[in-house]
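[1] coords below, sequence missing:
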């Protein structure tokens with residue numbers, strides 16, 4: 001577990017393995033550690049570097065009591081990718097994380113090599 005300052009907040013993240021980067025984005029209320037059970041071991045065994053993190057409001061990432069938007073969460077993910085020198089990266093998101101991944105691919109396509117969107121929604 002490590003903390004990094006990105007987009008005006010401290011984000012908790014974990015970095016596993018080596019190889020091409022895969023950034024895993026969790027959904028509403030879930031911590032990045034949820035990816036550890038199956039996805040992180042499978043992806044690291046396949047030769048990928050896997051980065052998981054806790055979104056805003058999921059401790060120990062900063063709480064942001066003044067509120068935040070999806071654009072803030074996209075900027076957080078972009079900032080993390082840039083701060084760790086990962087781009088372009090494969091991005092995987094579930095639920096709200098899938099929505100963040102989708103918006104990241106639209107806003108910052110140079111940071112996203114491929115995206116997997118699970119149990120999510122699209123724009124209307």
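    On my side now, so go ahead. What you see is a predicted model, and the numbers here were worked out from it, not measured in a lab. Numbering: from 1, shown residues only.
[2] pretty sure residue 65 sits in a strand.
    No: per DSSP: H, G, I helix; E, B strand; the rest coil, residue 65 lies outside any strand segment and is coil.
[3] can you tell me the element residue 82 falls in?
    helix 70-83 (DSSP states H and E).
[4] all strands for the chain, in order.
    2-6, 9-16, 21-25, 49-53, 89-94, 112-118 (DSSP state E).
[5] buried residues, stretch 19-34. List them.
    21-27, 30-33 (16 or more other CB atoms under 10 Å). Glycine gets a C-beta too; all of them are placed from N, C-alpha and C.
[6] and the residue nearest the centre of this structure?
    residue 25 (3.5 Å; CA atoms, centre = their mean).
[7] quick one: it and residue 92 touch, right?
    Yes: with contact defined as CB atoms under 8 Å, residue 25 counts as touching residue 92 (6.9 Å).
[8] now do the shared contacts for the two.
    Common contacts of residue 25 and residue 92 (CB atoms under 8 Å, 6 or more residues apart in numbering): residue 101.
[9] give me the low-pLDDT residue ranges for the protein?
    Filtered on pLDDT under 70, the chain yields no residues whatsoever.
[10] what separation do you get for the nearest residue to residue 29 once chain neighbours are set aside and residue 45?
    Sequence neighbours aside, residue 58 is the residue nearest to residue 29 in space, at 7.3 Å (criterion: CB to CB, 6 or more residues apart in numbering). From residue 58 across to residue 45, the span is 26 Å (CB to CB, to the nearest Å).
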